[in-house]
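> Test case, fold it:
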Amino acid sequence: LDADNYETDPCLKEIRRAENYSWMDIVTIHKDKLPNYEEKIKTFYEEHLHLDDEIHYILEGSGYFDVRDKDDKWIRISMEKGDMITLPAGIYHRFTLDENNYVKAMRLFVGEPVWTAYNRPADDFPARKQYMKFLAEEAH
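Next up, the predicted model:
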């Protein structure tokens, strides 16, 4: 993906069409750009899940998404300019900046966004149960 030309990138346009990512916004996570920065950083780092897929495309800067593997151990995913990640509904995760303390990311969503985060434990949600079923099937 071409993060410098995301407005006109045909690859991004095709991904959005194929996955039906009809909603998009851009968020800048930096102490001078994000209202309530300290509070938001803490919230992002709380282990949580969402009931819908969460899609992020890094346009500038860098940071880390931490996700849980099938054995409930953390996996750290380094994200930098040009990287895109889809966190499936029901996966426990968290986000933190790296030493640069800056990231600008596009958030994509199918339909109207629902950014409600459910902090762990949230194992009774159907999205979590479906995700765990998927992990069990992949293990076989």
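> What is the strand ranked longest in the chain packed up against?
If each strand of the chain is counted by residues according to DSSP state E, the longest one is strand 54-68. For strand 54-68, the elements it packs on are strand 23-29, strand 74-80, strand 84-87, strand 93-97, strand 103-109, judged by 3 or more Cβ pairs under 8 Å, 6 or more residues apart in numbering; DSSP states H and E. Every C-beta, even on glycine, is put in place using the N, C-alpha and C of the backbone.
> and the ones you listed as a markdown table, adding mean neighbour count?
Output for the helices and strands packed on strand 54-68, formatted as a markdown table (neighbours: other Cβ atoms under 10 Å):
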| stretch | mean neighbour count |
| --- | --- |
| strand 23-29 | 14 |
| strand 74-80 | 13 |
| strand 84-87 | 17 |
| strand 93-97 | 19 |
| strand 103-109 | 20 |
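> out of the ones you listed, nearest to Pro121?
Distance to Pro121, taken as Cβ to Cβ, is lowest for strand 93-97 among those, at 14.3 Å.
> Quick one: distance of that closest one to the chain centre.
Its chain's average C-alpha position is 9 Å from that of strand 93-97, according to Cα atoms, centre = their mean, to the nearest Å.
> Output the contacting helices and strands for that strand.
When contacts are defined as 3+ Cβ pairs under 8 Å, 6+ apart, strand 93-97 sits against helix 37-45, strand 48-49, strand 54-68.
> hey, which of those is tucked in deepest?
Ranked by average neighbour count under the criterion mean count of other Cβ atoms under 10 Å, these are headed by strand 48-49 at a mean of 22.
> ok now that one, how far from the chain's centre?
Offset of strand 48-49 from its chain centre (Cα atoms, centre = their mean): 10 Å.
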